[in-house]
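>>> Return a 3D structure for these sequence lines:
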Amino acid sequence: MSLRLTGSLPKRLHVGRYAAFTLRWNSTVVRDPEFTSLPDIEPARLEIVKTQSPRLPPPASDLVFGHTFTDHMLTIPWSARIGWDTPKIVPYGPLSLLPSSSILHYAQTIFEGMKAYRDEKGKVMLFRPDMNMKRMNSSAQRVALPTFNGDALIHLIKELIRIDKHWIPQQTGYSLYVRPTLISTEAAIGVHPPADALLFVICSPVGPYYSKGFKPVGLYGTTEYVRAAPGGTGAYKLGVNYAPGVVAQKLAAKLGYDQNLWLYGPEHHLTEVGTMNLFVVFKTEDGSLELVTPPLDGMILPGVTRDSVLELAKGHASGQHKIPGLGDKLTVSERPVTMKEVKDASQSGRLVELFGTGTAAVISPVDRIGYLGEDVQIPTGPDGMGPVSKPIWQELVGRQIGTIPSDWSVVVTE
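Below is the predicted model:
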């Protein structure tokens, strides 16, 4: 994964500034030059050891997100001496780590979240896995973990899914959550690039995030804590980014809200919703709609769902691919948004909707934001969604489950 920085990083970060630099994605996955002299992941070396005690998948109605895992997992060790070693698909089970393993002391771990879907004919598909591989390599570079060939890992993930595809529930809205993870395993205490690492992939059958229809959530505008800052790690999917958010979530729940809204700087710029990206829809003076999301400024995680929503909305606005049910007067912006703009729009009737996006929920509508002692009200439709989020959600889910043909869906098995 290669990154290109546009703009310059100032010698001093001014408090009032929203962004220090802009993070842009290149279209290809490029390994870190530091690791190119070592062997890359080689799918042809894959060894498979199937479980002798296969389990019966539980009823779909009993699934709780992230609590049930399939029979097998993929493991690929790496070392600075020999590079990527033999990939293995083995029975799901404990990992062996010494107490001195650097992951346990310095949190050198990254992960991804992606889903495999089964269509009505039984075909299994992954949704935009190339995007996950690009981001995973970017995250690996940020914490000095080894990079890898993303296509090779996708090939191995497909094989893992083929073996455990019967764990994907047949019911509509269910899927297989796939969690690739890379950790440092060097048995030595000291802050430095690890000499040993382990990449592993586990899978979990999951149900629809909103099993009983869309329920808008209330957010607490968090000013007590900061998720990320310019020049930090907010743009990367690192384990270390998530643990500090738990206390903010606890505070939001204590105050009666479902999730926290991360605000940044003295002007309270909107950044992310809990662990999701954020979109706002405003009504402009001429009656058209503006779909806005904060830019990838180094603090925002480049979500796959975020990118998908943007691509769909831009395609509709340009006329390249019209989305049924979405109005023609739509503009799409990646720009800073402050709570003052949201509050003023709510009071003047120009705020149309606000929602989060992510792999788990796809789209999560919001109906209020607790901000400085009062609630800013967010409009929602009769079914909980808004006039922009609903048609985009329908298009996006259709592409994920295969009812709408798309090159974003990568076939795992027919």
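
>>> From residue 76, how far off is the residue nearest in space to the middle of the chain?
Note on the chain: the residue nearest the mean C-alpha position is residue 303, at 4.6 Å, using CA atoms, centre = their mean. Counting by CB to CB, to the nearest Å, the gap from residue 303 to residue 76 is 25 Å. For the C-beta atoms, the positions are set from N, CA and C on the backbone; glycine is no exception.

>>> cool, residue 392 as well?
With distances taken as CB to CB, residue 392 is found 36 Å from residue 76.

>>> and if you look at residue 237?
18 Å.

>>> and residue 311, which of the three is it?
Under DSSP: H, G, I helix; E, B strand; the rest coil, residue 311 falls in the helix class.

>>> dump the residue contacts of it.
Residue 311 sits next to no residue when contact means CB atoms under 8 Å, 6 or more residues apart in numbering.

>>> give me that answer again for 10 Å
When contacts are counted by CB atoms under 10 Å, 6 or more residues apart in numbering, residue 311 is found next to 128, 320, 321, 332, 396, 408.

>>> would you turn the residues you listed into TSV with secondary structure?
Listed next are the contacts of residue 311 as TSV, based on three-state DSSP:
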residue	secondary structure
128	coil
320	coil
321	coil
332	strand
396	helix
408	coil
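
>>> all strands for the stretch 1-150 of the chain, in order.
3-6, 22-25, 47-48, 72-79, 83-84, 88-91, 109-111, 114-118, 124-127 (DSSP state E, counting those that start in this stretch).

>>> Distance to residue 156 and mean pLDDT for these - can I get that in TSV?
Shown next, in TSV, are those (distance: least, CB to CB, whole Å; pLDDT from 0 to 100):
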stretch	distance to residue 156	mean pLDDT
strand 3-6	25	32
strand 22-25	23	36
strand 47-48	10	98
strand 72-79	6	98
strand 83-84	11	98
strand 88-91	8	98
strand 109-111	16	98
strand 114-118	13	95
strand 124-127	12	96
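
>>> Of all those, which one is nearest residue 299?
Set against residue 299 and scored by CB to CB, the strands of the stretch 1-150 of the chain come closest in strand 22-25, at 9.1 Å.

>>> you'd agree residue 93 is up against residue 51?
Yes: Residue 93 is in contact with residue 51 according to CB atoms under 10 Å; the separation is 8.9 Å.

>>> Tell me which of those two has more neighbours.
Looking at residue 93 and residue 51 with other CB atoms under 10 Å, you find the greater number of neighbours at residue 51, namely 15 against 10.

>>> ok, now which ones touch the more buried one?
Neighbouring residues of residue 51 by CB under 10 Å, 6+ apart: 70, 71, 72, 90, 91, 92, 93, 163, 164.

>>> got it, and residue 264?
With contact set as CB under 10 Å, 6+ apart, residue 264 has these partners: 18-19, 222-223, 226-230, 234, 270-272, 294, 297, 299, 336, 338.

>>> Okay, and the beta partners of it?
Counting by DSSP bridges, residue 264 is bridged to residue 269.

>>> Make 40 the first number, not 1, from now on.
Done: numbering now begins at 40, and the last item shifts to residue 303.

>>> That one and residue 311: what is the separation?
In terms of CB to CB, residue 303 sits 10 Å off from residue 311.

>>> same thing with residue 133?
Taking CB to CB as the measure, residue 133 falls 33 Å from residue 311.

>>> out of the two, which sits in the busier spot?
Taking neighbours as other CB under 10 Å, residue 133 and residue 311 compare with residue 311 leading, 25 against 5.

>>> Ramachandran coordinates for the residue nearest to the more buried one when sequence neighbours are not counted?
Closest residue to residue 311 apart from its sequence neighbours, by CB to CB, 6 or more residues apart in numbering: residue 301 at 4.9 Å. The phi/psi pair for residue 301 (degrees, to the nearest 10) reads phi -80, psi 120.
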